[in-house]
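>>> When you get a sec, could you give me coordinates for this:
(2 chains)
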Amino acid sequence: MTALIQHAIDAVSLGSLYALLALGVAMIFGIMNLLNFAYGELIMIGAYSLYVSRDLPWPVQLAVCLIVVIAASLAMDRLAFRPFRGASAPVLLVTSFALSFALQSLATVIFGSRAKGVSLPSFFDESITIGSVSFSSLNLVTVVLVIVLVGGLATFLRQTTVGVQMRAAAENFTTARLVGVKADRVIAVAFALSGFSAAVAAILIVAQRGTATPTLGVSPVLIAFVATIIGGLGSLYGAAFGGMLLGVLTVVLQVVLPDSLAPYREAFLYAGVIVVLLARPQGLVVVKALFERV
Amino acid sequence: MKKNGEKFLRAGWPAISLIGILVVVAVVGANLNPVNQRHTIEILINVVLVVGLYVFAGNSGVLSFGQMSFMSIGAYTTALFTIPVIQKAFLLPSLPGFIGSAELAPIPAALLAGAMAVVFGLIIVFPISRLSGLAAALAMFAVLVIVYQVGINWEAVTRGTRTMLGVPINTTIWSALAWTIICVLIAFAYQRSSSGLRLRATREDEFAAKAAAISIPRERAIAFLISAFVVGIGGYLYAQFQGAFTPAAFYTHVTFLTIAMLVVGGQRSLAGAVVGAVTVSILSFLFNSIENGVSAGPIHFAGRDGLSDTALAAFILLALLFRRDGIMRGREFELRRPGWMRRSGGGAVGGKPAVANTDPQAKEA
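Take a look at the predicted model:
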């Protein structure tokens, strides 16, 4: 029983992190059809900003991370993606890939390719024991933070004008523009939110790994892509759900697979992804407005 | 007689011109220093990989993040069947007997590498060819991850994360050139075949193609398997060029680099694939040599890690910014008579691009 609760906590905590990553990618994808590879480098930038500001008091350190990453996200949109408005999906994809490659290489130029140690406030490492179940406070922080953020995002999308415009733009960008939604503003807000999620993800990931490297963002962004696609393109809830599912599946496989097959965990996970894609090519949560009508 | 020859030349010109480019690259490269001779082989291997990717992604319009898994299959097949038997007994003691005692010559090994890639392709093609758009691209990415994970864990066959070594080095500039030309011809013959044309029709307008009774999964599957064969050959060339490799050589880096080469060249034509691969490869070697430090007279520029990759990425971004549809803009090299020689009506045989350059998505923009 204790073990089960323990695994459940691990699963939900990992799922929350993946959901957060997926939200950051889905936010941009829904509006401008761009799978943003460089989202991973926003996380990497966040990690290095934590490294650079390591001697400052921790609230300042976290604030620096948030501000730097959101600014980087907005700059990315302005400098790299705005010239490509309306380009086809492969071109956008390769653009974001080239950007991601450029930022990784720049980080190598500036910081070198070796990992830099980053220390975060010690309360992330403490372990909490309730009865016979013990878990790290990082698990708790992750879950609570993601619940608060998703709740906040849902309120933002429902209650504010920009939020409503964003949902409209995600469903049908052309029509939204026709009724007076300012395209560049909506996209900028989406990038700011995406940057925010990347910054939070950076803090959580660095708290877990304790280091910053130029390629830190690569595997998170790939997980986010997969979660977004299986969750349902263009649906934020779908993306969050896809992320949670991926996290839970990862932990389940970790627990269930016998030792001889354990190294193949990820292979099984991605085999599962293929099965989901085959069963529901449009994703688990289907957005009707996205289908091309003849 | 003369008329027929001319017709043939015109019809084949897109392929002949590309072969010409490749021969020039090879001949120039063969006369450079040993380092650049190696780079020349790498360029040719990149051309094979990108052409292989193009056969599926270019003709169908469906991007694939996983085509390099066939490179992995091709390379490991080559290694298993060409490493000298004595070395194999030492490197891979637990191989099944018939593989352990096999030692193939280069050409059979290459064909086997391509064939094994096709066999693996057959396993995954039926589900994959039913998917479209990003779902297909991501499903192929999942395949790439699975192949990589199996590669690093199946120690009995792949040596896991340890380097697979001892592969005989048979890839020279000339053998690489020969295989590259064969692959370009395969790709060209395919895109001019009725199956290739049907697939290109589905790329231009899925619904109209369906209405004309074209089976999209069937045409995609054919292209997918041909692509697997070509990329498998690329894996063979790579294995017999490097002599030693790990599964990481066939993972995300080469995947994204080949996709970038294809898109920079222009993914809608074979010429785009070849030109993109050659251009981006040459530039990456150039940037690399600058990274290692350059002296121009009294000025010495000390290189720094990561600079060449930054420059390469910047080039890709700029290339896309100024040529969204790629360097070739979806066109092939066509042999045309100069305007004053063209008779009205009659001379139009080669006068139009093979496929009209109309990208529906680009137009919407």
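
>>> Can you read off the pLDDT for residue 133?
Defaulting to chain A. Looking at residue A:133, its pLDDT reads 76.

>>> You answered for a different chain; I wanted chain B.
79.

>>> do the one 3 residues further on as well
The predicted structure scores residue B:136 at 88 on the pLDDT scale.

>>> does residue A:87 sit in a helix, a strand or a coil?
Assigned with DSSP: H, G, I helix; E, B strand; the rest coil, residue A:87 falls in the coil class.

>>> Show the pLDDT at the residue nearest to it when sequence neighbours are not counted.
Nearest non-adjacent residue to residue A:87, counting by Cβ to Cβ, 6 or more residues apart in numbering or on different chains: residue B:324, 5.5 Å away. The way it works is simple: take the backbone N, C-alpha and C, and place the C-beta from them, glycine included. For residue B:324, the model assigns a pLDDT of 85.

>>> Quick one: residues contacting residue B:324.
Taking Cβ atoms under 8 Å, 6 or more residues apart in numbering or on different chains, we find residue B:324 in contact with A:84, A:87-88, A:91, B:362.

>>> Tell me the one of those residues nearest residue A:138?
Among the contacts of residue B:324, residue A:84 lies closest to residue A:138 (Cβ to Cβ), at 37.7 Å.

>>> tell me the SS of the nearest residue to that closest one once chain neighbours are set aside?
Leaving aside its sequence neighbours, residue A:84 sits nearest to residue A:95 (Cβ to Cβ, 6+ apart; 5.5 Å). Three-state call for residue A:95 (three-state DSSP): helix.

>>> State the number of residues packed around residue A:95.
Around residue A:95 there are 26 other residues, counting by other Cβ atoms under 10 Å in any protein chain shown.

>>> okay but it is in contact with residue A:82, surely?
No. If you go by Cβ atoms under 8 Å, residue A:95 and residue A:82 don't touch, sitting 11.1 Å apart.

>>> okay, and the common contacts of those two?
Residues touching both residue A:95 and residue A:82 (Cβ under 8 Å, 6+ apart): none.

>>> What is the burial count for residue A:222?
Residue A:222 has 18 neighbouring residues, counting by other Cβ under 10 Å.

>>> Repeat that for residue A:209.
Number of residues near residue A:209 (other Cβ under 10 Å) recorded here: 14.

>>> Over to residue A:82?
Residue A:82 - counted by other Cβ under 10 Å - has 12 other residues nearby.

>>> That one and residue B:242, how far apart?
Distance from residue A:82 to residue B:242, counting by Cβ to Cβ, to the nearest Å: 41 Å.

>>> Helices of chain A, start to end?
A:2-32, A:39-52, A:58-75, A:89-111, A:137-159, A:161-171, A:173-178, A:183-209, A:218-231, A:236-256, A:265-279 (DSSP state H).

>>> Dump the ones you listed to CSV, plus distance to residue B:272.
Formatted as CSV, the helices of chain A follow (distance: least, Cβ to Cβ, whole Å):
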stretch, distance to residue B:272
helix A:2-32, 25
helix A:39-52, 28
helix A:58-75, 31
helix A:89-111, 12
helix A:137-159, 41
helix A:161-171, 32
helix A:173-178, 28
helix A:183-209, 29
helix A:218-231, 25
helix A:236-256, 33
helix A:265-279, 28
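
>>> quick one: which of those is nearest residue B:318?
Residue B:318 lies closest, by Cβ to Cβ, to one member of those: helix A:89-111, at 9.4 Å.

>>> can you state the direction angle for that closest one and helix A:58-75?
Per axes from the mean of the first three to the mean of the last three Cα atoms, to 10 degrees, the angle that helix A:89-111 makes with helix A:58-75 is 140 degrees.

>>> Would you mind listing the buried residues in helix A:89-111?
Buried residues in helix A:89-111, counted by 16 or more other Cβ atoms under 10 Å in any protein chain shown: A:89-109, A:111.

>>> for stretch B:159-175, same thing?
Under the neighbour-count criterion of 16+ other Cβ under 10 Å, stretch B:159-175 has B:159-160, B:164, B:166-168, B:170-173, B:175 buried.

>>> likewise stretch B:237-246?
For stretch B:237-246, the buried set under the neighbour-count rule, 16+ other Cβ under 10 Å, comprises B:237-243, B:245-246.

>>> which of these lies closest to chain A?
Nearest to chain A out of the buried residues of stretch B:237-246 is residue B:246 (Cβ to the nearest Cβ; 15.5 Å).

>>> Tell me how many other residues surround residue B:212.
Residue B:212, neighbours per other Cβ under 10 Å, totals 11.

>>> Next: residue A:134.
So residue A:134, with other Cβ under 10 Å, has 12 neighbours.

>>> Then residue A:25?
The local packing of residue A:25 (other Cβ under 10 Å) involves 29 other residues.

>>> Contacts only, for it.
By Cβ under 8 Å, 6+ apart, the contact list for residue A:25 reads A:35-36, A:39, A:194, A:221, A:224-225, A:227-228, A:239.

>>> And residue B:263, how close does it get to chain A?
Relative to chain A, residue B:263 is positioned 4 Å away (Cβ to the nearest Cβ, to the nearest Å).

>>> Check residue B:36 too.
In this view, residue B:36 and chain A are 23 Å apart by Cβ to the nearest Cβ.

>>> got it, and residue B:182?
27 Å.

>>> What parts of the stretch 1-150 of chain A come near chain B?
Listed as neighbours of chain B in the stretch 1-150 of chain A under the rule Cβ under 8 Å from any Cβ of the partner chain: A:35, A:80, A:83-91, A:93-95, A:97-99, A:101-102, A:104-109, A:112-113.
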